[in-house]
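Student: quick one: sequence plus predicted model below, questions after.
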Protein chains: 2
Amino acid sequence: MDQEFEWIESIKQKRKTGESVIVGVGDDAAIVSGVAGFYDVIAVDTMVEDIHFSSVTMTPEDIGYKALAVNISDLAAMGAIPRHYIVSIAIPKKGWPQEKTRRIYEGLEEAAEKDGMDLIGGDTVSTSDKLVITVTVTGIVETSVRLTRDQAEPGDVIVVTGPLGSSPAGLDLLLGQDDMTAIPETEQEALVKAHQRPVPQVKAGRLFAEMGIRAALNDISDGIAREAKEIAEASSVRMVLDWNRIPKPDVLTGFPMSKQQDWVLYGGEEFQLVAAFSREHWREVCLRAQTAGVSIFPVGMVEQGDAAVDLICEGKRETLTRSGYAHF
Amino acid sequence: MDQEFEWIESIKQKRKTGESVIVGVGDDAAIVSGVAGFYDVIAVDTMVEDIHFSSVTMTPEDIGYKALAVNISDLAAMGAIPRHYIVSIAIPKKGWPQEKTRRIYEGLEEAAEKDGMDLIGGDTVSTSDKLVITVTVTGIVETSVRLTRDQAEPGDVIVVTGPLGSSPAGLDLLLGQDDMTAIPETEQEALVKAHQRPVPQVKAGRLFAEMGIRAALNDISDGIAREAKEIAEASSVRMVLDWNRIPKPDVLTGFPMSKQQDWVLYGGEEFQLVAAFSREHWREVCLRAQTAGVSIFPVGMVEQGDAAVDLICEGKRETLTRSGYAHF
């Protein structure tokens, strides 16, 4: 526990905190100010060693970076502005040098800096086995904004904010699970980076929030098949995706269709956003996206019908029955 | 992961949520409203199986109850009003029936109900080994209140809100570590209950917050020796504790002094509060405490000097060198 104190001290000294932090790291709890006209947004994600990541495929910095990035992605999916984070980490008693923990915090800080987030607290405990890291993030969103999964309506256009399939293909590369030697080295690196250093789509989320339009928004953490299903169920609509329109890295198109679909539809940890919104806003969304440097790709339409996801692919339309990436 | 969905659904249906919850369990993140004139308070604590609890000494309900209670205690130590909580749980892949997880949630809910807290989100993942449960809590506190550890001043009176030593003695009882057969059965049960079902001192925290006085406040999660040391260090003062004045269960006084001190000074997970505040407020604190049904026991004084904790015991005054309960 005294180790924890050293930690807290080293973290405290390092951080310059923003004005919104009234009491930061080191007391019983953190105290932060709210913002008039905004609600607080809060999300928590846990990553377990050898379930969500492994030391074979991720450096300690990657682990830290990703543990925060996946949470920022949840904020992005609510259209929120990220603000603060808290790290709770259960460290293996054996074979986990303090240096490794320090490097995890370096990675966390790297992810935090991009969105100007402040570390406001944490808990460091030991465990007899695997590393477990739980990150809590807070943000704010305008009280008028509600980018929840139940906002899709028949007639809506479905978009994603970037190519899908890179992260799971990158993981397969790292694990040597497929013969991917045909992929040029720089492209291989891009796939691996997509897995190790996913970029949460905060700007895209803010675009929808600032426009103030009705939109269903989800981050693609468990494959678009599953995320679209969540929107379909919450909104009681049918989501129709067009395979040809889904953006994917060119280097994946040479692989068999079933493999491509594994990566693109069911791959985990993509962290692009999927949105459904009225076609009448299509033009304005595109214009604003261009100005903001956000990519928007139309990938399908919302229809009336039972809550389900249909895929149009190679001239056929089929209802997807598989779920997305499942840790359980 | 589909199990997680079932979970979320069962939790969603069960909960009636307060008005402050704008978006609760089941979306990417929770959205809650702030309160004008109040800051947000946030705390996180992680409990690891066989480090912080064991199935030998705690039922699943106890584990859930305590995981939330220790967090509420952190809010209490800031003088905050508890509001919301989020549960992140890493469940062992083997030998952990879903029924056990359900019982943990029952315990969480029990602790939440006492303070009217709403569950607003969570994450359920699997782990190859020990159960890890991380609870995030939020509360609010008046913007004028600052009950931090750095608020103690020479001349202050030091108080605690209840007897110390019960929880660690209860743990020893559960583990059969001492011959405690001389303790009557009902008293044994009380000690065990103090360990399994600690009561966070929210009312006591609110008393100091509502009075609006300067006070250093800590919850006694790791023994009063260590918590007093934290105040001493943050406030640059010397904390002087009087052994005879520290309230302790009568049944412990028959044990050797070193054993008593283990329990009373260094025992973990007490969750009473320790406070230091100006003697000029002594009378009013006592009056208000009586009205609120809060116990206040004076246990020492704050002096000028190097950051340290002195104990007056059996006619001697000595500086405590041991630290409190350490998980590491």
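Tutor: Everything's here; your move.
Student: which residue packs closest to residue A:61, ignoring adjacent ones?
Tutor: Residue nearest to residue A:61 in three dimensions, not counting chain neighbours: residue A:107, with 3.7 Å by CB to CB, 6 or more residues apart in numbering or on different chains. Bear in mind the C-beta positions are built from the backbone N, C-alpha and C, glycine included.
Student: quick one: residues contacting residue A:240.
Tutor: Applying CB atoms under 8 Å, 6 or more residues apart in numbering or on different chains to residue A:240 gives the contacts A:158, A:300-303, A:309-312, A:317.
Student: in ChimeraX, how would I select just the buried ones from those residues?
Tutor: Typed into ChimeraX, the line below selects the buried ones among those, using 16 or more other CB atoms under 10 Å in any protein chain shown:
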select /A:158,300,301,302,309,310,311,312
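Student: mind putting the contacts of residue A:240 in CSV, secondary structure, pLDDT and distance to chain B included?
Tutor: Shown next, in CSV, are the contacts of residue A:240 (DSSP: H, G, I helix; E, B strand; the rest coil; pLDDT from 0 to 100; distance: CB to the nearest CB, whole Å):
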residue, secondary structure, pLDDT, distance to chain B
A:158, strand, 98, 17
A:300, strand, 98, 20
A:301, strand, 98, 23
A:302, strand, 98, 18
A:303, strand, 98, 23
A:309, strand, 97, 15
A:310, strand, 97, 20
A:311, strand, 97, 20
A:312, strand, 97, 25
A:317, strand, 96, 25
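Student: which ones are touching the residue nearest to residue A:61?
Tutor: Contacts of residue A:107 (CB under 8 Å, 6+ apart): A:59-68.
Student: how about 7 Å then?
Tutor: A:60-65 (CB atoms under 7 Å, 6 or more residues apart in numbering or on different chains).
Student: in helices only, show me those.
Tutor: Using DSSP state H, the subset of those located in helices is A:60-65.
Student: chain B: which of these is nearest?
Tutor: The nearest member of these to chain B, counting by CB to the nearest CB, is residue A:63 at 14.6 Å.
Student: you'd agree the closest one is up against residue A:52?
Tutor: No - between residue A:63 and residue A:52 there is no contact under CB atoms under 7 Å: 9.0 Å.
Student: how about whatever residue of the stretch 51-200 of chain A ends up closest to chain B: what's its closest non-neighbour residue?
Tutor: Going by CB to the nearest CB, chain B is nearest to residue A:129 of the stretch 51-200 of chain A, at 3.5 Å. Ranked by CB to CB, 6+ apart and with sequence neighbours excluded, the top spatial neighbour of residue A:129 is residue B:129, at 3.5 Å.
Student: residue A:192 versus that neighbour, what's the distance?
Tutor: 28 Å (CB to CB, to the nearest Å).
Student: and residue A:151, by the same measure?
Tutor: Following CB to CB, the distance that separates residue A:151 from residue A:192 is 35 Å.
Student: ok so, going back, name the helix or strand for the residue nearest to residue A:129, please.
Tutor: Here residue B:129, judged by DSSP states H and E, is contained in no helix and no strand.
Student: next: residue A:82.
Tutor: Going by DSSP H and E, residue A:82 is in strand A:81-92.
Student: part of a strand, is residue A:150?
Tutor: No - secondary structure of residue A:150 (DSSP: H, G, I helix; E, B strand; the rest coil): helix, not part of a strand.
Student: touching, it and residue A:237? I think so.
Tutor: No - if you go by CB under 7 Å, residue A:150 and residue A:237 don't touch, sitting 9.7 Å apart.
Student: more neighbours, these two?
Tutor: residue A:237 (24 against 16; other CB atoms under 10 Å in any protein chain shown).
Student: show me what contacts the more buried one?
Tutor: Applying CB under 7 Å, 6+ apart, the residues near residue A:237 are A:152-154, A:302-305, A:307.
Student: try it again with 10 Å
Tutor: A:150, A:152-156, A:216, A:231, A:276, A:302-308 (CB atoms under 10 Å, 6 or more residues apart in numbering or on different chains).
Student: buried subset of the residues you listed as a ChimeraX selection?
Tutor: Per 16+ other CB under 10 Å, the buried members of the contacts of residue A:237 correspond to this ChimeraX selection:
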select /A:150,152,156,216,231,276,302,308
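Student: re the thing from before, can you list residues touching both of residue A:150 and residue A:237?
Tutor: The contact sets of residue A:150 and residue A:237 overlap at A:216, A:231 (CB under 10 Å, 6+ apart).
Student: element containing residue A:174?
Tutor: In this structure, residue A:174 sits in helix A:166-175 according to DSSP H and E.
Student: what lies in contact with the helix or strand just after that helix?
Tutor: As assigned by DSSP H and E, the chain's next helix or strand after helix A:166-175 is helix A:185-196. With CB under 10 Å, 6+ apart as the test, helix A:185-196 has contacts from A:53, A:57-59, A:61-63, A:65-66, A:69, A:107, A:162-174, A:180-181, A:183-184, A:199, A:249-252, A:263, A:267-271.
Student: which residues of the stretch 101-250 of chain A fall in strands?
Tutor: For the stretch 101-250 of chain A, the strands defined by DSSP state E, counting those that start in this stretch occupy A:118-127, A:132-142, A:157-160, A:215-219, A:238-242.
Student: to what extent is residue A:179 buried, counted in neighbours?
Tutor: 8.
Student: appreciated, that's everything.
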